[in-house]
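Peer 1: Mind folding the following:
(chains A and B)
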Amino acid sequence: MKVPIRMITVATSFTWILLIIFSVSAIYSMKDIRMDVGKPKTNITPDNYLMLDFPIGIVNGAYYNLNDFNISTEIHDAKEGALTRGFTFIPSIGKGETLNATHEMRINLTDMLQTRQDLLVEDSEFRISTNVSMKAAELISLKVSSNLTLPWGAPLYNLTFAAPKFTIHTAPNSTTYYTVAIPTTFENHAFFDIAGTVHLSMYDNRNVLKNTAEIIFKAQQQSSFKENLQFDVPLAGIISSGYFKVALSTPFLDYGPLVIPIGE
Amino acid sequence: MSEKYIGQKKKPSILRRALKATIKGVILYAVYFVLSQFLAPLSEFVPGFQQIIETFVTVYIILVIIAELTFGSILQHFFNGAKALFVIAYIMVWLGTGTFNLAFQNLNFVVDIRMFLTIAMMVSLLGLAKSVLQTIDYVNEKAEIALT
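Peer 2: Residues are numbered from 1 along each chain as shown, chains lettered A, B, ... in the order given. Predicted structure coming up:
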């Protein structure tokens, strides 16, 4: 029995030494794993998706390879609804290797802004739930989760239509007409430009459509829009009381109609 | 005569056993001291990690010293078994299910060391089996001496 006992002693001692050296070196070297997430780059695709590209830099300074590196993110709005999810999978990062990747997320702007019209005119905050999982040295699984916030800037923040102004003009051919000007202000807090059409419909107090107009508008990101939406109305079409219906239409959002009273 | 016979082997004197126990204790402590330098960063994340390791090392070294001092008697095998059981029990109690939840700043870490735990338990069980075999061998030798 002496030989088997000696063999077991050798085997257990050897395994313990290997296990201790491995675990200590794996834990010690984990401090040299770094992951940096940069500011997202935003872009709108022709099919109206807002692309958020997060640049990610991973430095594996550990003594062992990292496998099954998985980054998953989920964006929630303030009402706890999930807007989108993103996944990035990196099969393996070798020891001493530096890897730069991009974590992509796509938000369907049309769907989001049609269902949450308050996001058009009110700034908000999105919550980003991030989960990073990896397998270090084939033996130790590590999951890191974190919550970040992403500010949402409303594209039509503080949209205001002032009372319409009517100015009488006489054309060179002696016809008289009115120019209607609706002072319009808003701030585009979004990280994308918006451009579209304002549809104006003028109704009298008996709800009879008297005139319509379409005006093109454009607002750069992070800028204020302060313009008069103006159009001409023949003298016969002018009304003393009634209302305007104003609707905005862009490739990825429709807003309105809003009602602006006349003669009150 | 300073040495007694155990089976066919000589039983070392208490002075020699004490010296051997001291050397083993010092070596184990030195190994712990060196390894603890590498594991120090982990103490920032795992509360009480240093204390957990210190308690383990203290009890383990005590059991090694006692087992060495009682060399040549049935008590040596008893303490060797206790040492193996202590390692198994400590791994089970401390590591639990093999997954840890740690919080650091606004990050939550979940560390899954079930694979590591399984290997450590298997090796510990092998250690326990070894001490059982040693005990059987010792009792066997005693019985042979009694018969002859």
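Peer 1: could you pull out the helices for chain A?
Peer 2: A:2-29, A:109-115, A:118-121 (DSSP state H).
Peer 1: So what's the model's average confidence on the last one?
Peer 2: Just to be clear, that refers to helix A:118-121. Average pLDDT, helix A:118-121: 84.
Peer 1: Give me the buried positions along that helix.
Peer 2: A:L119, A:L120 (16 or more other Cβ atoms under 10 Å in any protein chain shown). Backbone N, C-alpha and C define where each C-beta goes, glycine included.
Peer 1: That helix - contacts with which helices or strands?
Peer 2: helix A:109-115, strand A:157-161 (3 or more Cβ pairs under 8 Å, 6 or more residues apart in numbering or on different chains; DSSP states H and E).
Peer 1: Please apply the same query to the longest one.
Peer 2: When contacts are defined as 3+ Cβ pairs under 8 Å, 6+ apart, helix A:2-29 sits against helix B:14-39, helix B:114-147.
Peer 1: Can you tell me which of these is packed in deepest?
Peer 2: When you average the neighbours per residue for each of the helices and strands packed on helix A:2-29 (mean count of other Cβ atoms under 10 Å in any protein chain shown), helix B:114-147 leads with a mean of 16.
Peer 1: That one to helix A:2-29, inter-axis angle?
Peer 2: 150 degrees (axes from the mean of the first three to the mean of the last three Cα atoms, to 10 degrees).
Peer 1: Just the buried positions in stretch A:36-55, please.
Peer 2: A:V37, A:P40, A:I44, A:N48, A:Y49, A:L50, A:L52, A:D53, A:F54.
Peer 1: in the sheet, who's paired with the fifth one?
Peer 2: Per DSSP bridges, the residues bridged to A:Y49 are A:N108.
Peer 1: Can you read off the pLDDT for it?
Peer 2: At A:Y49, the predicted lDDT confidence score is 87.
Peer 1: so it touches A:M112, yeah?
Peer 2: No. With contact defined as Cβ atoms under 8 Å, A:Y49 does not count as touching A:M112 (10.1 Å).
Peer 1: In the stretch 1-150 of chain A, which residue sits closest to chain B?
Peer 2: Per Cβ to the nearest Cβ, A:S141 is where the stretch 1-150 of chain A lies closest to chain B, at 3.7 Å.
Peer 1: Touching, that residue and A:K135? I think so.
Peer 2: Yes. Using Cβ under 8 Å, A:S141 is in contact with A:K135, at 5.3 Å.
Peer 1: ok, residue 133 - contacts?
Peer 2: Using chain A here. A:D68, A:F69, A:N70, A:S141, A:L142, A:K143, A:V144 (Cβ atoms under 8 Å, 6 or more residues apart in numbering or on different chains).
Peer 1: That was the other one, I meant chain B.
Peer 2: A:M1, A:P4, A:I5, A:I8.
Peer 1: again, but for A:F69
Peer 2: A:I58, A:F89, A:I90, A:P91, A:S92, A:I93, A:V132, A:S133, A:M134.
Peer 1: Apart from its neighbours in sequence, what residue is nearest the residue lying farthest from the centre of chain B?
Peer 2: Distance from the C-alpha centroid of chain B, by Cα atoms, centre = their mean, peaks at B:N106 (37.7 Å). Once flanking residues are discounted, B:N106 sits nearest to A:S146: 5.7 Å by Cβ to Cβ, 6 or more residues apart in numbering or on different chains.
Peer 1: wait, what's in contact with A:I140?
Peer 2: A:A26, B:V111, B:D112, B:I113, B:M115, B:F116.
Peer 1: and the helices and strands packed on helix A:118-121, which one's lowest on average pLDDT?
Peer 2: helix A:109-115 (a mean of 82).
Peer 1: what comes into contact with that one?
Peer 2: With Cβ under 8 Å, 6+ apart, helix A:109-115 has contacts from A:I44, A:N48, A:Y49, A:L50, A:L83, A:L119, A:L120, A:F252, A:L253, A:D254.
Peer 1: how does it look with 7 Å?
Peer 2: A:N48, A:Y49, A:L50, A:L83, A:L119, A:L120, A:F252, A:L253 (Cβ atoms under 7 Å, 6 or more residues apart in numbering or on different chains).
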